[in-house]
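Colleague: turn this into a model:
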Amino acid sequence: MTLDENWFTEVCEECGTAFSLRSRRKLHEEQTPFQKIEIHDTEAFGNLMVIDGFVMLSARDNFLYHEMMAHPALYTHRAPRRVVIIGGGDCGTLQEVLRHPEVEHCLQVEIDERVTRLAEEYFPELCTANNDPRAEFLFGDGIRWMKEAEPGSVDVIIVDSTDPIGPARGLFTEAFYRDCHRAVGEGGIVVQQSESPLVHLEILLPMHRAMRAAGFETTHTLQFPQPVYPTGWWSATMARKGGSLLEFREMEAAARPFETRYYNAEIHRGALAVPEFFRRELERL
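Modeller: As a prediction, the model looks like this:
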């Protein structure tokens, strides 16, 4: 939603709030077979990608989301060699995954190829790993791919999706999580963006319930700041097929062989803390 030509504004009806960025100009707009994509050049947050009126990422703060979608799950798994990203068309999560030298192959399954092509044009800093020989791209239906995946063939699944509306709705179901559970090996991990703990408990709590019903023994929600998303407080929920989500390869995370801007071992440990109101809700599940 644009209130005037100088501002991009996203209204969050369920929050009763709005978030605005001053836009120098709209760089691109198109309707794909799946969604409407806009790119704005903003004064404070650099290039901004908007899908169907909702902010997807900005050049200034995307590292918070991408690092927390990738590194906690990879450092929690004992030996993450085979990774699948469902969604993630902007390639920022792929870039973070491939910073891990132990990862041998990462498949990204994105339904809308135009998201990736526009990221390559307007967010090239997120696409530096696109030509990595360990990266593979499949432009198609991630739900169908997961349903057909070979049992035990994946170590970590990262569901880097939009909100549970439109094509992404099926990524938040017990049926999808059952397919994920079958696809990962013992100790395998699924991590999925899970909205704001402050205003989206009606999404977060059913996610935990559905993941557990699908066979995952443990689930846990990580928290991190995300200024361009509603409330500025975001989360990623992990589920594991055997083993704890509270312990991770902390010494390796501390001595990681690559640079990060937000993630470190202390941030990982702190993100595992659960606010009291959320703890009480989880105990009722």
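
Colleague: longest helix anywhere in the chain?
Modeller: Counting by DSSP state H, the longest helix found in the chain is helix 62-76.

Colleague: how far off centre is it?
Modeller: Centre-to-centre, helix 62-76 and its host chain are 8 Å apart (CA atoms, centre = their mean, to the nearest Å).

Colleague: any buried residues in the helix or strand just after that helix, and which?
Modeller: Scanning forward in sequence from helix 62-76 by DSSP states H and E, the next helix or strand is strand 82-87. Judged by neighbour count (16 or more other CB atoms under 10 Å), strand 82-87 contains these buried residues: 82-87. The C-beta positions use only the backbone N, C-alpha and C, and glycine is treated the same way.

Colleague: ok, stretch 127-143 next?
Modeller: Judged by neighbour count using 16+ other CB under 10 Å, the buried positions of stretch 127-143 are 127, 129-130, 134-135, 137, 142-143.

Colleague: over to stretch 158-174?
Modeller: Going by neighbour count (16+ other CB under 10 Å), the buried part of stretch 158-174 is 158-164, 167-168, 170-174.

Colleague: only C-alpha atoms, please: export that stretch in PDB.
Modeller: Only the C-alpha atoms of stretch 158-174 are listed here, as PDB (Å, rounded to 0.1, in the frame of the first residue of the first chain):
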ATOM      1  CA  ILE A 158      15.100 -24.500   5.700                       C
ATOM      2  CA  VAL A 159      11.600 -23.300   4.900                       C
ATOM      3  CA  ASP A 160      12.200 -19.700   3.900                       C
ATOM      4  CA  SER A 161       8.700 -18.800   2.900                       C
ATOM      5  CA  THR A 162       6.300 -15.900   2.800                       C
ATOM      6  CA  ASP A 163       3.500 -15.600   5.300                       C
ATOM      7  CA  PRO A 164       1.000 -18.500   5.300                       C
ATOM      8  CA  ILE A 165      -1.100 -17.100   2.500                       C
ATOM      9  CA  GLY A 166      -1.400 -18.000  -1.100                       C
ATOM     10  CA  PRO A 167       1.100 -20.600  -2.400                       C
ATOM     11  CA  ALA A 168       2.800 -20.700   1.000                       C
ATOM     12  CA  ARG A 169      -0.300 -21.800   3.000                       C
ATOM     13  CA  GLY A 170       0.500 -25.500   2.400                       C
ATOM     14  CA  LEU A 171       4.000 -25.000   4.000                       C
ATOM     15  CA  PHE A 172       2.500 -24.600   7.400                       C
ATOM     16  CA  THR A 173       0.500 -27.900   7.600                       C
ATOM     17  CA  GLU A 174       1.000 -31.200   9.400                       C
END
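
Colleague: contact partners of stretch 256-275?
Modeller: Taking CB atoms under 8 Å, 6 or more residues apart in numbering as the criterion, the residues outside stretch 256-275 that touch it are 63-64, 67-68, 71-72, 75, 99-101, 197, 220-224, 245-246, 248, 250-251, 253-254, 282.

Colleague: make a ChimeraX selection of the buried ones in those residues.
Modeller: Selecting in ChimeraX just the buried members of the contacts of stretch 256-275, where the criterion is 16+ other CB under 10 Å, is done with this command:
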select :63,64,67,68,71,72,75,99,100,197,220,221,222,223,224,245,248,253,282
